[in-house]
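Engineer: predicted model and sequence follow; I will ask about them next.
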Amino acid sequence: MNKELMEALDILEKEKEISKETLFEAIENSLLTACKNHFGKADNVHVEIDRETCDFLVYAEKEVVETAEDVEDGCLQIPLDAAQEISSQAKVGDMIHVEIKSKEFGRIATQNAKNVILQKIREEERSVIYNQYFEKEKDVVTGVVQRYVGRNISINLGKADALLGESEQVKTEVFRPTERIKVYVLEVKNTPKGPRISVSRTHPELVKRLFEAEVTEIKDGTVEIKSIAREPGSRTKIAVWSNNPNVDAVGACVGMNGARVNAIVEELRGEKIDIVNWDDNPGNLIQNALSPAKIVAVFADPDEKTAKVVVPDYQLSLAIGKEGQNARLAARLTGYKIDIKSETQAKDAPGFRYEDYMDDYEEDDYDEEGGYEEEGGYDEESGYEE
């Protein structure tokens, strides 16, 4: 039993996650390469390795000829008297196995054999790492900040390094070496130098994956994230929906005393997160998406994917948000182009149909908390109707 070889293969299999069979094949190829370098050819050379004991045998298959004078190629033929020393039953014309001692190989042949094994180990190691991280593509992983490479950041993911490009960084975030952060794996490419991994801190899917990891109801499919809109480092809006009428989708995502959403906010370095209920009715969805602003009326056009929204005068700035952020995120979340007007602006806007809408409501129907309460239902073409 070749104990040293067996121990070496066990260590490689454990540390590098390279299968023993692959290593055995590498050893076989290296021995064939050594034979070719030593004898000039290896077409008739065979290598056998016992997978249990790691004992190996290298032999050349040679044709038996009558005398030494009949030998045309010493690598392919052997005289009868020499063949009978190996096997007493050898006859002219037989094919006989002649053992090759690996100790006889020259220094160059041995070095080449070593290089073949090392090259195979490196290739397999790169392949194992690539497959490991390719499975994590479009997912969130935890990494350790190593250093800044120009304006990019090198992140160690364990067995491989990833690159956080400048365009995928949140401008307000500054990282220190050895700091642990979560990143979204954008792409894993296989290159001759190993896998090239691109990660992101700005991708909307980062927030989605963090919620999936933090909220049990999302993980088991009870609650679904229907849509997400994000301005990295500032604010994110997500629309959630529950498959179970007994489960509050927003409450599940917020958690007790905000524990779940606060954990995600902390990971995102204070980025604000608005969680709203998804609704198949575009009017209701737009109203939810514009929260915390109160809405008086929504006129949605599903065909054109546009919506006109009326808010109380004092709620206009809140509905639009700082630098238009609230309206912009609501538009991305719903997929509608949203035009927001105050009640005063709506009354003066031609063709807005706000006048017809207001005729249906008495002065005392308006409630500052909830806006105008409709008596009828929502109509996709004309908004709320009496």
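Structural biologist: Thanks, I have it.
Engineer: contacts and neighbour counts: CA atoms only from here.
Structural biologist: Noted.
Engineer: which parts of the stretch 151-300 of the chain are strands?
Structural biologist: 152-156, 161-164, 180-191, 194-200, 223-231, 235-242, 272-277, 297-301 (DSSP state E, counting those that start in this stretch).
Engineer: just checking: what are the partner strands of the fourth one?
Structural biologist: Strand 194-200 pairs in its sheet with strand 161-164 (parallel), strand 180-191 (antiparallel), by DSSP bridges.
Engineer: indicate which one of these is closest to residue 300.
Structural biologist: Counting by Cα to Cα, residue 300 lies closest to strand 180-191 out of the strands paired with strand 194-200; the figure is 34.9 Å.
Engineer: nearest residue to the middle of the chain?
Structural biologist: In the chain, the residue lying closest to the centroid (Cα atoms, centre = their mean) is residue 137, at 1.6 Å.
Engineer: pretty sure that residue is in a helix, no?
Structural biologist: No. Assignment of residue 137 by DSSP: H, G, I helix; E, B strand; the rest coil gives coil, placing it outside any helix.
Engineer: what's it in contact with, if anything?
Structural biologist: Shown in contact with residue 137 (Cα atoms under 8 Å, 6 or more residues apart in numbering): 185, 186, 187, 188.
Engineer: pick the most deeply packed of the strands paired with strand 194-200.
Structural biologist: Across these, the average number of neighbours (mean count of other Cα atoms under 10 Å) peaks for strand 161-164, which reaches a mean of 22.
Engineer: count of neighbours near residue 178?
Structural biologist: Residue 178 has 13 neighbours, counted by other Cα atoms under 10 Å.
Engineer: related to what we said a few turns ago, and the residue nearest to the centre of the chain, how far from residue 176?
Structural biologist: Separation of residue 137 from residue 176 (Cα to Cα, to the nearest Å) stands at 25 Å.
Engineer: repeat for residue 57
Structural biologist: For residue 57, the distance to residue 176 - Cα to Cα - is 55 Å.
Engineer: one step back: residue 274 versus the residue nearest to the centre of the chain, what's the distance?
Structural biologist: 27 Å.
Engineer: ok so, going back, comparing the strands of the stretch 151-300 of the chain by mean pLDDT, which bottoms out?
Structural biologist: Comparing mean pLDDT across the strands of the stretch 151-300 of the chain, the weakest is strand 297-301, with a mean of 90.
Engineer: run me through the strand neighbours of it, direction for each.
Structural biologist: In the sheet, strand 297-301 lines up against strand 306-311 (antiparallel) (DSSP bridges).
Engineer: buried stuff in the strand it pairs with?
Structural biologist: When burial is assessed from 16 or more other Cα atoms under 10 Å, strand 306-311 yields the following buried residues: 307, 308, 309, 310, 311.
Engineer: how far off centre is that strand?
Structural biologist: Computed by Cα atoms, centre = their mean, to the nearest Å, the chain-centroid distance of strand 306-311 equals 38 Å.
Engineer: I'd like the distance from the helix or strand that it is followed by to the chain centre, please.
Structural biologist: As assigned by DSSP states H and E, the chain's next helix or strand after strand 306-311 is helix 316-320. Relative to its chain's centre, helix 316-320 lies at 37 Å (Cα atoms, centre = their mean).
Engineer: so residue 344, which of the three states?
Structural biologist: helix.
Engineer: number of residues surrounding the residue nearest to it when sequence neighbours are not counted?
Structural biologist: In space, residue 344 comes closest to residue 313 once its chain neighbours are excluded; the distance is 6.8 Å by Cα to Cα, 6 or more residues apart in numbering. Using other Cα under 10 Å, residue 313 has 12 neighbouring residues.
Engineer: I figured residue 313 was touching residue 346, is that so?
Structural biologist: No. The pair residue 313 and residue 346 does not pass the contact test of Cα atoms under 8 Å, sitting 10.1 Å apart.
Engineer: so which bits of stretch 33-51 are buried?
Structural biologist: 33, 34, 35, 37, 38, 42, 45, 46, 47.
Engineer: centre of the chain to it, how far?
Structural biologist: Using Cα atoms, centre = their mean, the offset of stretch 33-51 from its chain centre is 43 Å.
Engineer: how about stretch 191-211?
Structural biologist: 6 Å.
Engineer: what's in contact with it?
Structural biologist: Taking Cα under 8 Å, 6+ apart as the rule, stretch 191-211 contacts 126-127, 129-130, 138-140, 160-165, 168-170, 182-190, 218, 225, 228-233, 253, 261, 264.
Engineer: okay, buried residues for it please.
Structural biologist: 194-211.
Engineer: repeat for stretch 291-310
Structural biologist: For stretch 291-310, by 16+ other Cα under 10 Å, it's 291, 293-301, 307-310.
Engineer: so residue 297 touches residue 307, yeah?
Structural biologist: No. Assessed by Cα under 8 Å, residue 297 is found out of contact with residue 307, at 10.3 Å.
Engineer: the longest helix along the chain - contacts with which helices or strands?
Structural biologist: In the chain, assigned by DSSP state H, the helix with the most residues is helix 107-134. With contacts taken as 3 or more Cα pairs under 8 Å, 6 or more residues apart in numbering; DSSP states H and E, helix 107-134 sits against helix 20-39, strand 180-191, strand 194-200.
Engineer: so residue 33 touches residue 111, yeah?
Structural biologist: No. With contact defined as Cα under 8 Å, residue 33 does not reach residue 111; the gap is 10.3 Å.
Engineer: nearest to residue 282, out of the helices and strands packed on helix 107-134?
Structural biologist: Residue 282 lies closest to strand 180-191 among those, at 30.6 Å (Cα to Cα).
Engineer: burial count for the nearest residue to residue 305 once chain neighbours are set aside?
Structural biologist: What sits nearest to residue 305 in space, not counting adjacent residues and going by Cα to Cα, 6+ apart, is residue 336, at 4.8 Å. For residue 336, the neighbour count with other Cα under 10 Å is 19.
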